[in-house]
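Engineer: need coordinates for the below:
(one chain, ligands or ions: 1)
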Amino acid sequence: MNIASQASNLLSEHLGIIQPSVAIVLGSGFALELDSVHWQLRASDIPGFVTPTVEGHLGCVTAGTLGRREVLLMQGRVHYYEGNSSDSVTFQVRLANQLNIRNLILISAAGGIRKTLNPGSIMLVEDHICAQPLVATRRERWVYDHSWKDRVATACNDSSLSSGIYVWTIGPSYETPAEIIAFERRGGDAVGMSLVPEALEASALGMRVLAAVVITNYAAGLEEQKLSHKGVLHAATNAQAHLTNLLTVALDQASNLPIVS
Ligand code: HPA
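Structural biologist: The predicted structure is shown next:
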């Protein structure tokens, strides 16, 4: 039995008759308080689930409810820049798919390139640009579910929520000011080091993907400040209430999903 099947068997045993309809992957510094928790497993107890090394990534999987939905919450994103393989970076997506979860929400921190993207605001991802080559399976269709995204934007009715183009860089270094100018000219609105490999994998598996980035800083060169992971974590923590509201709306707006009875 392959390692993903071992992991999905373990989680299936824990889930029993519960069928989560949405999986949520949270990035650095983010937490989400569920309305009720069925169980929580550490990443190290799940076969194939790589334990994150970056500060701010908890490394656990929680099953529970938020609003009317059963959700599987994955806190412990891993990145290429930690030395992980493509399989490890996208493992959580395949695990969710094996558990028959067809809807995926990806959350991460990003630097704001577009001038109106202030720290603390949230950008729904419309599409992405890869700043470095990324080998991934692609389908000839939108990676991000536009109707889910648009419904969330309308329901939130929040002036600090916008949509835009995410630029993916492999990291781990932050960008140079010249790179940010180049990304802006190419149509990028925000920049970060995660989310895209998972979104591509999920889309190739036919899952619906909603991605949102919390702007934790102005991108390099836009302000006289030195970027640091600590600063990003601090800003992510401050945006917690805003993010929880967005996720609650996103779960509510996911159409054709089973309602928790
Ligand atoms: N650049 C890349 N990744 C990031 C940034 C940034 O400015 N902020 C948060 N993650």
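
Engineer: quick one: the strands in this protein?
Structural biologist: With DSSP state E applied, the chain shows strands at 22-26, 36-42, 60-66, 69-75, 103-112, 122-130, 161-168, 190-192, 208-218, listed in chain order.

Engineer: how about these in TSV, adding mean pLDDT, distance to the ligand and mean neighbour count?
Structural biologist: Yep, even glycine has a C-beta here, placed from its N, CA and C like the rest. As requested, those are exported to TSV (pLDDT from 0 to 100; distance: least, CB to the nearest ligand atom, whole Å; neighbours: other CB atoms under 10 Å):
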stretch	mean pLDDT	distance to the ligand	mean neighbour count
strand 22-26	96	14	24
strand 36-42	95	25	14
strand 60-66	95	22	20
strand 69-75	95	17	24
strand 103-112	96	2	26
strand 122-130	96	12	20
strand 161-168	97	9	21
strand 190-192	97	4	26
strand 208-218	95	5	25
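
Engineer: in a markdown table: those, plus distance to Glu184.
Structural biologist: Output for the strands of the chain, formatted as a markdown table (distance: least, CB to CB, whole Å):
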| stretch | distance to Glu184 |
| --- | --- |
| strand 22-26 | 27 |
| strand 36-42 | 41 |
| strand 60-66 | 35 |
| strand 69-75 | 32 |
| strand 103-112 | 11 |
| strand 122-130 | 11 |
| strand 161-168 | 9 |
| strand 190-192 | 10 |
| strand 208-218 | 12 |
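
Engineer: for those, which one sits closest to Trp142?
Structural biologist: Trp142 lies closest, by CB to CB, to one member of those: strand 122-130, at 7.1 Å.

Engineer: list the neighbouring strands of the closest one plus their orientation.
Structural biologist: With DSSP bridges as the test, strand 122-130 is paired with strand 161-168 (parallel), strand 208-218 (antiparallel).

Engineer: show me which residues of the chain are close to the ligand?
Structural biologist: Listed as neighbours of the ligand in the chain under the rule CB under 6 Å from any ligand atom: 109-111, 174-175, 191-193, 216-217, 219, 227, 232.

Engineer: switch to 5 Å and redo it
Structural biologist: For the chain, the residues in contact with the ligand (CB under 5 Å from any ligand atom) are Ala109, Gly111, Tyr174, Val191, Gly192, Met193, Thr216, Ala219, Val232.

Engineer: distance-wise, check the nearest residue to the second one once chain neighbours are set aside relative to Pro177.
Structural biologist: When you say that, I think you mean Gly111. Leaving aside its sequence neighbours, Gly111 sits nearest to Ala219 (CB to CB, 6 or more residues apart in numbering; 3.7 Å). Per CB to CB, to the nearest Å, Ala219 is found 8 Å from Pro177.

Engineer: just name the shakiest helix or strand of this structure by mean pLDDT.
Structural biologist: helix 229-238 (a mean of 83; mean pLDDT, DSSP states H and E).

Engineer: show me what counts as buried in that one.
Structural biologist: His229, Val232, Leu233, Ala235, Ala236 (16 or more other CB atoms under 10 Å).

Engineer: just stretch 190-208 next, same as before
Structural biologist: 190-205, 207-208.

Engineer: now it, how far from the centre of its chain.
Structural biologist: 8 Å (CA atoms, centre = their mean, to the nearest Å).

Engineer: same thing with stretch 172-183?
Structural biologist: In terms of CA atoms, centre = their mean, the centre of stretch 172-183 is set 21 Å apart from its chain centre.

Engineer: let me see the contact set for the residue nearest to Gly111.
Structural biologist: Ala219 is in contact with Gly111, Gly112, Ile113, Glu175, Ile180, Phe183, Ala190, Val191, counting by CB atoms under 8 Å, 6 or more residues apart in numbering.

Engineer: can I get those in JSON lines including distance to Arg102?
Structural biologist: Conversion of the contacts of Ala219 to JSON lines gives the following (distance: CB to CB, whole Å):
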{"residue": "Gly111", "distance to Arg102": "31"}
{"residue": "Gly112", "distance to Arg102": "31"}
{"residue": "Ile113", "distance to Arg102": "32"}
{"residue": "Glu175", "distance to Arg102": "34"}
{"residue": "Ile180", "distance to Arg102": "36"}
{"residue": "Phe183", "distance to Arg102": "32"}
{"residue": "Ala190", "distance to Arg102": "26"}
{"residue": "Val191", "distance to Arg102": "29"}
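
Engineer: that's all I had, so thanks and see you.
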